[in-house]
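Peer 1: Dropping a prediction and its sequence here:
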Amino acid sequence: MEVDRRVFLATLGVGALEVMTPEDKAEALEHYMMDELDEPAAPAKPEVSDSQKQDGPRAPRGTGRLFMPREGLYEPMPDKPTLVDFYNLRFAPARHVLQSASHALKTDQPEKTVMACLLHDVVLNMIKVDHGWWGAQLVEPYVAERVSWGIRYHAPLRFYPDESVGYEYPEMYNRMFGEDYVPPDYIEQAYKYARAHSWYMDARLITLNDKYAFDPDAEVSIEPFIDIIGRNFKQPKEGLGYDNSPSAHMWRTIANPDRPL
Ligand SMILES: [Fe+2]
Ligand SMILES: [Fe+2]
């Protein structure tokens, strides 16, 4: 995917770059790329103009797109929503996660990795800050422990190369910002913990498949993953959001972004 540096910087707002940490910048770029990939459903991007129209109040950058200004109402969810309903009605078109899971599937990676890729960034629809941790928590009650573990640690691992599997530090970060990234302590600590863990590869493969998941021309759908979801995601019979699990409230939030109470 090609990214126009000027257009991207304009989305951040005037003066934002100077006060952003390298971590903030890297996050903002990745989220911008994902929104670009899903453009038809994304909120309108600020225009680049001499008058710098974007230099006004704006939503915090950690806000998921379900809570951004939009036209029209959300489609109602079924009474007992399934994970597939969430893909179709709240995460769509979800090109980035579908493309990364497709790559894992095509390259014969373990089914649990396919499932992890499918889920790894869906929480960004709700919240972007610390998305590895939020994303893991969202799915934890419904997947194998190492699936949510991998989702949690893919976020810090993105910033550390691993030549043994062909994962390089994303050149895009250097190109866009022209500086070396120095991760904050909590990211580095999480990386070191994950690097030494026996499940390290569960998280690392997510970062690897991520590289192949920003293709604006690749057509993907949830259909090839229905059986894999059936085998790897414990769909609650009450519906996601209504099963009293530790993350049920998060699914209700995604289902009902307009609800004031
Ligand atoms: Fe991610
Ligand atoms: Fe991703």
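Peer 2: Okay, I see it. Ligands and ions are numbered 1, 2, ... in the order given.
Peer 1: Around ligand 2, pick out the residues from the stretch 1-150 of the chain.
Peer 2: Residues of the stretch 1-150 of the chain lying close to ligand 2 by Cβ under 5 Å from the ion are Asp121. (Glycine included, C-beta is placed from N, CA and C.)
Peer 1: Not counting sequence-adjacent ones, nearest residue to the residue of the stretch 51-200 of the chain found nearest ligand 2?
Peer 2: Proximity of the stretch 51-200 of the chain to ligand 2 (Cβ to the ion) peaks at Asp121, 4.3 Å away. Spatial nearest neighbour of Asp121, excluding adjacent residues (Cβ to Cβ, 6 or more residues apart in numbering): Val97 at 5.3 Å.
Peer 1: Dump whatever helix or strand that neighbour lives in to CSV, keeping only the CA atoms.
Peer 2: In this structure, Val97 is located in helix 95-106 according to DSSP states H and E. Taking Å, rounded to 0.1, in the frame of the first residue of the first chain, the C-alpha atoms of helix 95-106 are listed here in CSV:
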residue,chain,number,x,y,z
ARG,A,95,-10.0,-6.2,4.9
HIS,A,96,-6.9,-6.0,7.0
VAL,A,97,-7.7,-8.9,9.4
LEU,A,98,-9.3,-11.0,6.6
GLN,A,99,-6.2,-10.5,4.4
SER,A,100,-3.8,-11.4,7.2
ALA,A,101,-5.9,-14.6,8.1
SER,A,102,-6.0,-15.4,4.3
HIS,A,103,-2.2,-15.3,4.2
ALA,A,104,-1.9,-17.6,7.2
LEU,A,105,-4.4,-20.0,5.6
LYS,A,106,-2.7,-20.0,2.2
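Peer 1: Run the chain-centre distance for that helix.
Peer 2: In this view, helix 95-106 has its centroid 13 Å away from the chain centroid, taken as Cα atoms, centre = their mean, to the nearest Å.
Peer 1: Show me the contact partners of that helix.
Peer 2: With Cβ atoms under 8 Å, 6 or more residues apart in numbering as the contact definition, helix 95-106 has outside contacts at 33-34, 37-38, 91, 113-115, 117-122, 205-206, 209-210, 212-215, 218, 220-222, 224-225, 228.
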